[in-house]
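Chemist: sequence below, structure please.
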Amino acid sequence: MNQVLLVSGLPILADVGRGVEEAFFMFWDTAWALVLGFGLSGAVQAFVSRQAMQVKLGDHRPASIARASGYGMVSSSCSYAASAMAKSLIAKGADFVTAMVFMFASTNLVVELGIVLVVLIGWQFAAAEFIGGAIMIVLLALLGAVALTGRRVEAARSRLSAVSNDEQAEELQHQPWSRRLRSRSGWADAASYTMADLTMLRREMLVGYLVAGFLAALVPTGVWNAVFLQGHGTWTQVENVIVGPLIAIISFVCSIGNIPLAAALWHGGISFGGVVSFVFADLIAMPLLLIYRKFYGGHLALRLLVVFWTVMAAAGLVTEALFTVADIVPTVRPLRVVPEHFSIDYTTVLNIVFLMVFVVLYWLYRHRDRLGGGAGYAIDPVCGMQVERANAPATYSFEDSRFFFCSDRCAERFAAEPAGFATTPHKAETSEIMEEHEWQSPSARAWQKWWRKRRGIGRRQ
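Modeler: From the prediction side, this is the model:
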């Protein structure tokens, strides 16, 4: 197809076709892994109780750091959801550094990322994700104990605690996970988590695959050589692990969507440690930096950026050194990230098998009410994520209905147009909506104050 476009004198369309083709085959190569990874993640989220997250995280001693890492591993891999959950933990009394450790583990020590890394660029990168992730958490605990303390941290905690939704009257009685494994409702909830996470991350994955496809297909080797130093020994390794997070910041791609982009960077010439630090850096993508600014204030958000960037780069450098000593750093870079055409191989067979698994999961999701699932859960009307009502980071009341959100980011989008997101046949007037709703998040209240000031609500006549 691309050759036809070139012959017909449409080189731009040919380049677009090459980029899209590369992105599609990258997705095709990892489709089964996505279903497997998100399916396992959904099962863990449904069957493992997270009530203990609200306690036993009050300091950053080794035991608390280990618990926070474990809780993060069984949570959603979405960067936005992880940041919202960390904020909720802080509001409920968790140590600030320990909450950040939870966030790091939630986005780096999860099975779906490891599976996709194995498929796209090799087992060494998946091993580096977990080994380097542990190193990064240790570094964060050590550096955070010095840099992430003080009056600004306490001020942020006080602000968040003042509007925490701990007062919710709803009490959820969770069955033991062993009993839920044998229940239809438990598997219906697991399927709902899977479908909700896929729905929530669809945009990140789409952007990640497209950007990676175009980078792999169209960016000349000379450009990569200009960005990443090569052939300078230690200086090459240091420069690459610093530049990796920078690309994560400006790419706006986070969560699992940055794995295809990591494959493109490896194909382009970045060092092993640079790829590792880039994968770690999904928590400092630009949208998340803006979220930190809302949660914790500008000064603390800047401090988080410096600390996160430092530990991500250092973890990438240390991981590469360990793998070099063990002589397991990959030495061959693929000429292409993915195959050029379809073929009957293990990938095709696995895709067919997991397509059937996906159909079963979708059926469970669509019939979860009939199967007894959904108790204590709600679906975020903005992003589609499934959240526990008792632990929702933000809620909103509109037309006698209460909505639950995975983060303030989704709550604010809902606030801008509640009638558009809510499943209601009428459109209430905007002024009535804004006067009657209830907020339980700090950034939402700030948004309400700005809206009222602009509309003149509450002014003296």
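
Chemist: any figure for the gap between residue 198 and residue 269?
Modeler: With distances taken as Cβ to Cβ, to the nearest Å, residue 198 is found 32 Å from residue 269. Any C-beta I mention is one placed from the backbone N, CA and C, and that applies to glycine too.

Chemist: those two: which is more packed in?
Modeler: residue 198 (21 against 17; other Cβ atoms under 10 Å).

Chemist: go through the helix or strand encompassing the more buried one and flag the buried ones.
Modeler: Following DSSP states H and E, one finds residue 198 within helix 184-200. For helix 184-200, the neighbour count (16 or more other Cβ atoms under 10 Å) marks 185-200 as buried.

Chemist: per-residue confidence averaged over that helix?
Modeler: If you average the pLDDT over helix 184-200, you get 82.

Chemist: and that helix, what does it pack onto?
Modeler: Judged by 3 or more Cβ pairs under 8 Å, 6 or more residues apart in numbering; DSSP states H and E, the packing partners of helix 184-200 are helix 11-47, helix 346-366, strand 377-379, strand 386-388.

Chemist: where does the stretch 351-461 of the chain dip in pLDDT?
Modeler: Applying pLDDT under 70 to the stretch 351-461 of the chain flags the ranges 391, 423-461.

Chemist: tell me how many other residues crowd the nearest residue to residue 212 once chain neighbours are set aside.
Modeler: Counting by Cβ to Cβ, 6 or more residues apart in numbering, residue 260 is the residue found nearest to residue 212 once chain neighbours are left out, at 3.7 Å. Using other Cβ under 10 Å, residue 260 has 31 neighbouring residues.

Chemist: secondary structure element for residue 260?
Modeler: Judged by DSSP H and E, residue 260 forms part of helix 258-268.

Chemist: and that helix, how far from the chain's centre?
Modeler: 17 Å (Cα atoms, centre = their mean, to the nearest Å).

Chemist: next, residue 395: phi, psi?
Modeler: phi -130, psi 160 (degrees, to the nearest 10).

Chemist: whoops, I mixed them up, residue 301
Modeler: phi -60, psi -40.

Chemist: tell me the pLDDT of it.
Modeler: Confidence score, pLDDT, at residue 301: 90.

Chemist: can you check residue 3 too?
Modeler: For residue 3, the predicted pLDDT is 52.

Chemist: coming back round to it: centre of the chain to the helix holding residue 198, how far?
Modeler: 17 Å.

Chemist: buried set for the following helix or strand past that helix?
Modeler: Later in the chain than helix 184-200, the nearest helix or strand by DSSP H and E is helix 202-218. If you call a residue buried by 16+ other Cβ under 10 Å, then helix 202-218 has these buried ones: 204-205, 207-217.

Chemist: again, but for stretch 302-317
Modeler: Buried residues in stretch 302-317 (16+ other Cβ under 10 Å): 303-305, 307-317.

Chemist: TSV for the residues you listed, including distance to residue 387 and secondary structure?
Modeler: Listed next are the buried residues of stretch 302-317 as TSV, based on distance: Cβ to Cβ, whole Å; DSSP: H, G, I helix; E, B strand; the rest coil:
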residue	distance to residue 387	secondary structure
303	29	helix
304	24	helix
305	27	helix
307	28	helix
308	25	helix
309	30	helix
310	32	helix
311	29	helix
312	28	helix
313	33	helix
314	34	helix
315	30	helix
316	32	helix
317	37	helix
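
Chemist: CSV for those residues, including distance to residue 57?
Modeler: Formatted as CSV, these follow (distance: Cβ to Cβ, whole Å):
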residue, distance to residue 57
303, 21
304, 18
305, 23
307, 19
308, 19
309, 24
310, 23
311, 19
312, 22
313, 27
314, 24
315, 22
316, 27
317, 29
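
Chemist: with respect to residue 238, which of those is nearest?
Modeler: residue 317 (6.7 Å; Cβ to Cβ).

Chemist: ok, the nearest residue to that closest one once chain neighbours are set aside - contacts?
Modeler: Leaving aside its chain neighbours, residue 317 sits nearest to residue 241 (4.9 Å; criterion: Cβ to Cβ, 6+ apart). By Cβ atoms under 8 Å, 6 or more residues apart in numbering, residue 241 lies in contact with 271, 273, 274, 276, 277, 312, 313, 314, 316, 317, 320.

Chemist: surely residue 249 and residue 290 touch.
Modeler: No: if you go by Cβ atoms under 8 Å, residue 249 and residue 290 don't touch, sitting 11.4 Å apart.

Chemist: pick out whichever of the two has more residues nearby.
Modeler: residue 249 (15 against 12).

Chemist: what are the buried residues along the regular element (helix or strand) spanning the more buried one?
Modeler: Take DSSP H and E as the rule and residue 249 turns out to sit in helix 234-251. Within helix 234-251, the residues scored as buried using 16+ other Cβ under 10 Å are 236-248, 251.

Chemist: before we move on, what about stretch 259-271?
Modeler: 259-271.

Chemist: average pLDDT across it?
Modeler: In this model, stretch 259-271 has a mean pLDDT of 81.

Chemist: keeping just the C-alphas, turn that stretch into CSV.
Modeler: Presented in CSV, the C-alpha positions along stretch 259-271 are these (Å, rounded to 0.1, in the frame of the first residue of the first chain):
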residue,chain,number,x,y,z
ILE,A,259,5.7,0.9,26.7
PRO,A,260,5.3,1.0,22.8
LEU,A,261,7.1,4.3,22.9
ALA,A,262,9.9,2.7,24.9
ALA,A,263,10.2,0.0,22.2
ALA,A,264,10.6,2.8,19.6
LEU,A,265,13.3,4.5,21.7
TRP,A,266,15.2,1.3,22.1
HIS,A,267,15.0,0.8,18.3
GLY,A,268,16.2,4.4,17.9
GLY,A,269,19.4,3.9,19.9
ILE,A,270,18.8,5.0,23.6
SER,A,271,20.7,3.0,26.1
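
Chemist: okay then, goodbye and thanks.
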